[in-house]
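Visitor: A predicted structure for the sequence below; I have some questions about it.
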Amino acid sequence: MIDVNSIKSLDDVGAIGYWPNKAVRIVRRYMEDDPAHDEGHLVRVVKNCLAIMEREATVDQDVVLVAAILHDLVNVPKDRHDRNQASLYSADKAIAELRVGEESDQSGFFTLVHHAIRAHSYSANITPETLAAEIVRDADRLDSLGNVGLTRMWAVSGSMGRTLWHPTDPLAESRDLDEIKYGLDHFFVKLGKLHLTMLTKRGRHKAVYLTRFMAASLVDLLIEALDLPDTDLVCDDLYARICNKIQLPQ
């Protein structure tokens, strides 16, 4: 089993074996300048995959790692009309690139990789049909949580020109959520509820832990943003309201 802590860069991932190495070389040719989908994101997703595989039944490691490396090969902007097709575009391009130079029949392997890439996407809403696909999906979603998840959320919000949060009702308790207009709304629409979508045991456990951290961080943010008194009563109330909104056990 690979030591997760030994993976520091895509070079380390590529050193794992033939197929991860080929996938790394492919992704480096097409990687775009996107702070939320950079090399660091791919390394974290790979490490999440390795951590999940330690706790799950036997699965083809190459399928998981190659899909993890190439899952964002085609990056479609979140506000584009065909955003929900991004994982299909990535899967098709990944397999086309992986086939180059291969003389032996790898159709079974390619089919598994293609499905794992397609099924990782939240917007595509495709049910994973293999354990490998479940692992890749959970691993990618875990990188949307915790402190890293909040940082990526604000980075994407800034790139899309969103207002950070609604000035008077940031928890959207008396209005409809609008993640296109307000960055914080994206947490309540999607990120805060990812813990409900996890498919692996480790994924579910880690997602709840990281989402609780996010909720606690948002309490501090809202107290400062709304100029509320920093008392235990106010903090506990805000935390409970956030958790209730995202169906998170306290």
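Guide: Okay, I see it. Numbers count the residues shown, from 1 in each chain.
Visitor: Let's test this: name the helix or strand in this structure with the lowest mean pLDDT.
Guide: Within the chain, no helix or strand scores below helix 146-159, which has a mean of 92 by mean pLDDT, DSSP states H and E.
Visitor: outside of that one, which residues touch it?
Guide: 35-36, 41, 44, 78, 143-144, 164, 183, 186-187, 191, 210, 213-214, 217 (C-beta atoms under 8 Å, 6 or more residues apart in numbering). From N, CA and C alone the C-beta is placed, and that goes for glycine too.
Visitor: Selecting buried members of these in ChimeraX, what would you type?
Guide: Entered in ChimeraX, the line below selects the buried ones among the contacts of helix 146-159, by 16 or more other C-beta atoms under 10 Å:
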select :36,41,44,143,144,183,186,187,191,210,214
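Visitor: Please settle this for me: is Pro167 part of a helix?
Guide: No. Looking at Pro167 with DSSP: H, G, I helix; E, B strand; the rest coil, it is coil, so not inside a helix.
Visitor: Any idea how many residues pack against it?
Guide: Neighbour count for Pro167, taken as other C-beta atoms under 10 Å: 10.
Visitor: picking that back up, what's downstream of the least confident helix or strand of the chain, the next helix or strand?
Guide: helix 183-189 (DSSP states H and E).
Visitor: Any idea how far that next one is from the middle of the chain?
Guide: 15 Å (C-alpha atoms, centre = their mean, to the nearest Å).
Visitor: Equivalent analysis for stretch 145-157, please.
Guide: That offset, for stretch 145-157, works out to 10 Å (C-alpha atoms, centre = their mean).
Visitor: For it, buried residues please.
Guide: Buried residues in stretch 145-157 (16+ other C-beta under 10 Å): 145-146, 148-150, 152-154, 156-157.
Visitor: Between those residues, which sits nearest Val64?
Guide: Leu145 (19.5 Å; C-beta to C-beta).
Visitor: Report whether the expected contact of that closest one with Ala207 is present.
Guide: Yes. The pair Leu145 / Ala207 is scored as a contact, 6.0 Å apart, by C-beta atoms under 8 Å.
Visitor: list residues touching both of the two?
Guide: Common neighbours of Leu145 and Ala207 (C-beta under 8 Å, 6+ apart) are 194-195.
Visitor: Now do the helix ranked longest in the chain: everything it contacts.
Guide: Ranked by residue count and defined by DSSP state H, the top helix of the chain is helix 201-225. Residues outside helix 201-225 that contact it (C-beta under 8 Å, 6+ apart): 51-52, 54-56, 135, 138-139, 141-142, 145-147, 149-150, 165, 170-171, 184, 187, 191-192, 194-195, 198, 228-230, 234-235, 238-239, 242-243, 246, 248-250.
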